[in-house]
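**Q** 3D, please:
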Amino acid sequence: MSSCQKDKSETPFQEPKFYYVGYSYSQSYQDADRRALVCIGDSIVRLSPQTRSDAVAIHVYGEDIYTTGFQYSGDTRRVVYWKNAKIKRLGTQYPYNTGTAIFADANNVYVAGTVYETVEGRTVPFQHVWVNDTFLKKWGALSFSGIYDFSPYQGTLYMAGSFGQTATLWTGDTMRSLASNGSEACEVNIVDGDVYVLGWEVVNVETDAVSAWKYREKEERLEKVFSHELGKRIAKMDGVMYGKDYYYVINPNNSTIASVYKNDRLLYDLSGAGNVKAEAIKVYGGKVYVLGHLLEGTSSTPMLWVDGEPNTLFAPEQKIYLHDFFIL
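**A** Numbering: from 1, shown residues only. Presented below is the predicted three-dimensional model:
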């Protein structure tokens, strides 16, 4: 999830505060036996210490910390969210259910998640949205789908993600495909009343492209406003708008490094002692922050790169894996 940054040009600079979400593990970071946690700086809060669980996305509003993910009950699990470590359970139970995005403002808490349901003898995934713990709407039922970002604006809930491996913008009750099959959207942002979505799409067998689309609500017009072919295929990507610039980090297929870009320019590669897996990117106060890991064997070392410089967040012996972060 992306954080909205205000103009701080007339206020004294303050060191940012960092919030992270993920899980702890016992043996391997790939194991299903994990426990959800949130980290405020280097302080660890165990969200579900006695039950298998994971926290995958975070949003902070004022003094409140909101995270979403899943919690097991036996062999099945439910979409959950935590407000300041107090849990709320949403929807029904199934082995693969999970929260995927969360956002909060002064009046509402928005949660998106994947919930499996049985339809005509088939178990299929639906993308659910809840507002203030109340079910709002669902879309289904295609695999490789998920809602990954929220941006409420003037009474309309804008959401970005993927529906059946196709980058998608939700505008209220309407789904709008942004690209052809083999694409995904990761961020939605409102700038001067226009809706911008950042994501990636397949170009051909040799390369993917990071692209941005603009949707004009009044005209109901969608256009591609940015596209950069990478010359490589993407295994994982996250991106954020800062002003009118696009910052993004990718993990290329079959690579041990991650690469950070601003618009169509490669800023730097991230490497280290082990395979680098980048999870999320933010820009705050003009600095570029990338959350990721150095992976070696069964161990994970959570890292925060600041303008390309590596910082170890937790030692591998602490057995922590982080998915997302928020800067305030």
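
**Q** which residues of this structure score low on pLDDT?
**A** The chain contains residues with pLDDT under 70 at 1-13.

**Q** run the last query once more with 80
**A** By pLDDT under 80, the low-scoring segments of the chain are 1-14, 218-219.

**Q** which residues are contacting stretch 244-251?
**A** Contacts of stretch 244-251 with the rest of the structure, by CB atoms under 8 Å, 6 or more residues apart in numbering, involve 191, 198, 200, 210, 212, 226, 230, 234-241, 258-263, 270, 276-278, 280-281, 283, 288, 290, 292. Using the backbone N, CA and C atoms, a C-beta is placed for each residue, glycine as well.

**Q** Mind listing what's buried along it?
**A** By neighbour count on 16 or more other CB atoms under 10 Å, the buried set for stretch 244-251 is 246-251.

**Q** if we can go back for a sec, whichever of the contacts of stretch 244-251 end up buried, select them in ChimeraX.
**A** To isolate the buried members of these in ChimeraX, using 16+ other CB under 10 Å:
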select :198,200,210,212,226,230,234,236,237,238,239,240,241,258,259,260,261,270,276,277,278,280,281,283,288,290,292
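
**Q** Sitting in helices, which of the buried residues of stretch 244-251 do you find?
**A** Cross-referencing those against helices under DSSP state H gives no overlap.

**Q** Of all pairs in these, which one is the farthest apart?
**A** Maximum pairwise distance among these (CB to CB): 17.3 Å, between Y246 and N251.

**Q** what ranges do the strands span in the stretch 201-328 of the chain?
**A** 208-216, 221-229, 234-242, 245-252, 258-262, 265-270, 275-284, 287-296, 299-306, 309-312, 320-327 (DSSP state E, counting those that start in this stretch).

**Q** what is the orientation angle of the fourth one with strand 275-284?
**A** Angular relation of strand 245-252 and strand 275-284 on a 0 to 180 degree scale: 170 degrees, by axes from the mean of the first three to the mean of the last three CA atoms, to 10 degrees.

**Q** Just put the strands of the stretch 201-328 of the chain in a markdown table and tack on distance to T166.
**A** Shown next, in a markdown table, are these (distance: least, CB to CB, whole Å):
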| stretch | distance to T166 |
| --- | --- |
| strand 208-216 | 12 |
| strand 221-229 | 13 |
| strand 234-242 | 15 |
| strand 245-252 | 19 |
| strand 258-262 | 23 |
| strand 265-270 | 27 |
| strand 275-284 | 22 |
| strand 287-296 | 26 |
| strand 299-306 | 31 |
| strand 309-312 | 35 |
| strand 320-327 | 23 |
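
**Q** looking at those, which is closest to I102?
**A** strand 320-327 (9.4 Å).

**Q** Pull up the pairing partners for the closest one, direction included.
**A** strand 18-25 (antiparallel) (DSSP bridges).

**Q** Walk me through which strands the helix or strand following the strand it pairs with pairs with, and which way each runs.
**A** Moving toward the C-terminus from strand 18-25, the first helix or strand encountered (DSSP states H and E) is strand 34-40. Here strand 34-40 is paired, per DSSP bridges, with strand 18-25 (antiparallel), strand 43-46 (antiparallel).

**Q** Point out the most buried one among those.
**A** Mean neighbour count (mean count of other CB atoms under 10 Å) peaks for strand 18-25 among those, with a mean of 23.

**Q** Only the C-alpha atoms, please, for it, written as PDB.
**A** Extracted C-alpha coordinates of strand 18-25, given in PDB (Å, rounded to 0.1, in the frame of the first residue of the first chain):
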ATOM      1  CA  PHE A  18       8.700   3.200  10.000                       C
ATOM      2  CA  TYR A  19       6.100   0.500  10.300                       C
ATOM      3  CA  TYR A  20       6.500  -3.100   8.900                       C
ATOM      4  CA  VAL A  21       4.300  -6.100   8.700                       C
ATOM      5  CA  GLY A  22       5.000  -9.800   8.000                       C
ATOM      6  CA  TYR A  23       5.600 -12.900  10.100                       C
ATOM      7  CA  SER A  24       8.000 -14.900  12.200                       C
ATOM      8  CA  TYR A  25       8.900 -18.500  11.400                       C
END
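
**Q** Alright, that wraps it up for me.
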